[in-house]
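In: Got a predicted model here, sequence first, then my questions.
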Amino acid sequence: MRMSQLFGRTLKEIPSEAEISSHQLLLRAGMIHRLVVGMYSYLPLAYRSIRKIEQIIREEMNAIGGQEINMPLVHPAELWQESGRWQSLAGKELAGFTDRFDRQLVLAMTHEEAVTDLARNIINSYRQLPCQLYQIKLKFRDELRPRAGLIRVREFVMKDAYSFHTSQADLDQYYDQIHQAYLNIFHRAGIDVVVVDSDTGMIGGSAAHEFMLVCESGEDNLILCSECNYTANAEVAVFQKPETETQPLQPLVEVATPGQQTIEEVATFLGVKKNQTLKAVFYTTSEGETVFVVIRGDLEVNQTKLVNALGSEVRIASAEEVSANNLVAGYASPIGINAHRAGLASIKIVVDESVTTTTNLVAGANKVGYHLKNANYPRDFQADIVTDLALAEEGSTCVKCGGQLSLKKGIEVGNIFKLGTKYSEAMKATYLDQNGKAQPIVMGCYGIGVGRLLASVVEANHDEHGIIFPKSIAPYQIHLMHIGKGQEVADTAEKLYADWMEQGLEVLYDDRSESPGFKFKEADLIGLPLRVTVSQKTVSADSVEIKHRDHIDRELVRIDDFDPNPNQVEDRLL
RNA sequence: CGAGGCGUAGCGCAGUCUGGCAGCGCAUCUGCUUUGGGAGCAGAGGGCCGCAGGUUCGAAUCCUGCCGCCUCGACCA
């Protein structure tokens, strides 16, 4: 490709809309263009990379028996009602429209429903199982707040794969194969990922893992053990809660704590540690019910764990909801709460297990200015649910090995789910087993955000001058240019370009008469793996100058000795 | 949806407080010179100053409403 013909324009300055490196560089290199927030056009250079990423994905999915298909972008709303997801997603991430016949249609945000419909129509027998289908397909998600360029967008291409099995055991072993295929894909694309335990969220199922690029601009919080292999999304991370010395139970005593509302204040005022206090936090469920959450003062509530314990979405209760429930902010506790709230509907009490193993805690007295000392579970209060609700943090202790956990940011580039029979049961996708008996198909689903992967590769592979593309997904392998005056220089470059094109090499040829500095800067910005320069100096030595994007040094090589085939040139990034 | 910030040429910005010819740099076009790290000179084109209404002799500037963009939060692959 001649750069004089290439569609796209590089920018010297960073567009004000871009905050993170990948967004800035993709914009500056003229690779992407925003139509509106969360919707991007891919220009020729970026789209070549995208196609290479897709090809890597195809190869790895095909290698484990995947068959590529293509399902519709627009679905009838009934399909989503049938799976039961309509209720929680319609009008949120799931956007739609009404057609001229007044039928309700939705834009697919994922394809579990569509593929389950396909499976129930095509799969009848255990003989057809297991199988795996995948597609590389547009999705639309009506995100509240798209951000960070290609990282979180509303319209995006996703590789989504679905596998079908006769048993959980068969799914389990295939899940491991998918896991390995994903590691291969990300490695080949040029990034190192960390696989973490994750929440199953709106997709559902029994287990899930996320593939994360650890990087500062990520929006997920990861908990990683420094000693062993424990890794988890902070949403689900478990940890060893600091233990406190068990003491003989003391009788409840009311103490005046005027103006002391926060855990910090109360602990300091009474001269106890934060882990000797009891924290009360209020949430409201999507059904409008207020929930009273109790956790030890040194710990924070993990909202995802709470949602999973309740089986309902929650948000922090508003001040109005707290007072309407006759809860005294700053002084609330579960002790005597029913008597205190006499006349109101009973409130659900959810207790973190830490509270049940700690003795003689300081708790609120349900009246302004007073706390209770020596609160003990279950002597003084009861719970509707006791479970792990605590949020793992930097420095928490690993449950597996006792090592120290650290908190890192990450970009989720892929995820894998064991769906089990969630969709097949809801949508009656069954097969006949060896005994002629109908059984629900056991399913798994697996996603990779293609555009997000491109952005992640750039995020992980760049320097202050620009992108450093791995060979595997570089738009072109060679950035050829001529610099300086002289017909012989231009002719030599033209000849090399013609020869290499004939050999089928991927060459981006800067045939413009710009200054050397301009061309070098632009080459660094675009970041192709190998730069080949023709100048007076090189021509007079029958040579070209080569420079690898990820090296500093340059090298003169005789043209006759130079094999530009990417497999022949030094291979650092794969 | 809550908080904060910002909308002026393709990109980056000044001008807004204190109303009075719409500017600068980069990019683009023409010509000449230049050619190893985003060249120089001369000239040219490009604007509904986010949109609508209001105040005023006069509005980019003041007032009202709306829209869009960015960041944080909420939420979420």
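Out: Noted; the coordinates are in hand.
In: Provide a list of residue ranges in chain A with pLDDT below threshold.
Out: A:202-204, A:342, A:568-574 (pLDDT under 70).
In: For it, which residue gets nearest to RNA strand B?
Out: The nearest approach of chain A to RNA strand B comes at residue A:517, 2.2 Å away (CB to the nearest atom of the strand). Placement of C-beta: from N, CA and C, glycine included.
In: buried ones in the helix or strand where that residue lies?
Out: Here residue A:517, judged by DSSP states H and E, is contained in helix A:516-526. For helix A:516-526, a neighbour-count test (16 or more other CB atoms under 10 Å) marks A:519, A:520, A:521, A:522, A:523, A:524, A:525, A:526 as buried.
In: What residues are bridge-paired with residue A:295?
Out: residue A:279 (DSSP bridges).
In: residues near it, how many?
Out: Residue A:295 has 24 neighbouring residues, counting by other CB atoms under 10 Å.
In: swap in residue A:185?
Out: 24.
In: Which strands and helices lie in contact with the longest helix seen in chain A?
Out: If you go by DSSP state H, chain A has its longest helix at helix A:168-189. Using 3 or more CB pairs under 8 Å, 6 or more residues apart in numbering; DSSP states H and E, the elements in contact with helix A:168-189 are helix A:44-63, strand A:155-165, strand A:207-214, strand A:405-420, strand A:442-449, helix A:450-460.
In: Check which element follows that helix along the chain.
Out: strand A:194-197.
In: List the buried residues of that next one.
Out: A:195, A:196, A:197.
In: Apart from its chain neighbours, what residue comes closest to the second one?
Out: The shortest distance from residue A:196 to any residue that is not its chain neighbour, by CB to CB, 6 or more residues apart in numbering, is 4.5 Å, and that residue is residue A:231.
In: report the angle between the axes of the longest helix of chain A and helix A:450-460?
Out: 50 degrees (axes from the mean of the first three to the mean of the last three CA atoms, to 10 degrees).
In: hmm, helix A:168-189 in reach of RNA strand B?
Out: No: using CB under 7 Å from any atom of the strand, helix A:168-189 stays clear of RNA strand B, with a minimum separation of 13.5 Å.
In: Quickly list what the residue most central in space within chain A is bridged to.
Out: Centroid-nearest residue in chain A, with CA atoms, centre = their mean: residue A:412, separated by 2.2 Å. Bridge pairing for residue A:412 (DSSP bridges) gives the partners residue A:212.
In: Please name the residues that touch it.
Out: A:210, A:211, A:212, A:218, A:220, A:449, A:452 (CB atoms under 8 Å, 6 or more residues apart in numbering).
In: got it, and residue A:559?
Out: By CB under 8 Å, 6+ apart, the contact list for residue A:559 reads A:492, A:496, A:542, A:543, A:544.
In: hmm, back to that, check the helices and strands packed on helix A:168-189 for me and report the most buried one.
Out: Stretch with highest mean neighbour count among the helices and strands packed on helix A:168-189: helix A:450-460 (a mean of 26; mean count of other CB atoms under 10 Å).
In: Tell me if that helix is near RNA strand B.
Out: Yes: residues of helix A:450-460 are located near RNA strand B by CB under 7 Å from any atom of the strand, namely residue A:452.
In: how big is the angle separating that helix from helix A:44-63?
Out: Helix A:450-460 runs at 110 degrees relative to helix A:44-63, counting by the same axes, to 10 degrees.
In: quick check, distance from the next helix-or-strand element following helix A:450-460 to the centre of its chain.
Out: Scanning forward in sequence from helix A:450-460 by DSSP H and E, the next helix or strand is strand A:462-463. Put simply, strand A:462-463 sits 22 Å off its chain's centre (CA atoms, centre = their mean, to the nearest Å).
In: before we move on, what about stretch A:459-473?
Out: Averaging C-alpha positions (CA atoms, centre = their mean) puts stretch A:459-473 21 Å from its chain's average.
In: what comes up buried for that stretch?
Out: For stretch A:459-473, using 16+ other CB under 10 Å, the buried residues are A:459, A:460, A:461, A:462, A:466, A:467, A:468, A:469, A:470, A:471, A:472, A:473.
In: what sits against the first one?
Out: By CB under 8 Å, 6+ apart, the residues touching residue A:459 are A:20, A:21, A:22, A:213, A:215, A:217, A:411.
In: What's the local residue count around residue A:356?
Out: If we define neighbours as other CB under 10 Å, then residue A:356 has 14 of them.
In: Please tabulate the buried residues of helix A:516-526 in a markdown table and include distance to RNA strand B as additional columns.
Out: Listed next are those as a markdown table, based on distance: CB to the nearest atom of the strand, whole Å:
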| residue | distance to RNA strand B |
| --- | --- |
| A:519 | 8 |
| A:520 | 3 |
| A:521 | 4 |
| A:522 | 4 |
| A:523 | 7 |
| A:524 | 4 |
| A:525 | 5 |
| A:526 | 9 |
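In: what's the burial count for residue A:224?
Out: Counted by other CB under 10 Å, the residues lying close to residue A:224 total 20.
In: give me every residue that touches it.
Out: Counting by CB under 8 Å, 6+ apart, residue A:224 makes contact with A:194, A:196, A:214, A:230, A:231, A:405, A:406, A:407, A:408.
In: gap between the longest helix of chain A and the chain center?
Out: Relative to its parent chain, helix A:168-189 has a centroid offset of 17 Å by CA atoms, centre = their mean.
In: gap between stretch A:387-404 and the chain center?
Out: With CA atoms, centre = their mean, you get 21 Å for stretch A:387-404.
In: Which residues does that stretch contact?
Out: With CB under 8 Å, 6+ apart as the test, stretch A:387-404 has contacts from A:223, A:225-228, A:230, A:232, A:234, A:237-242, A:293, A:295, A:299-302, A:305-306, A:309, A:350-354, A:405-407.
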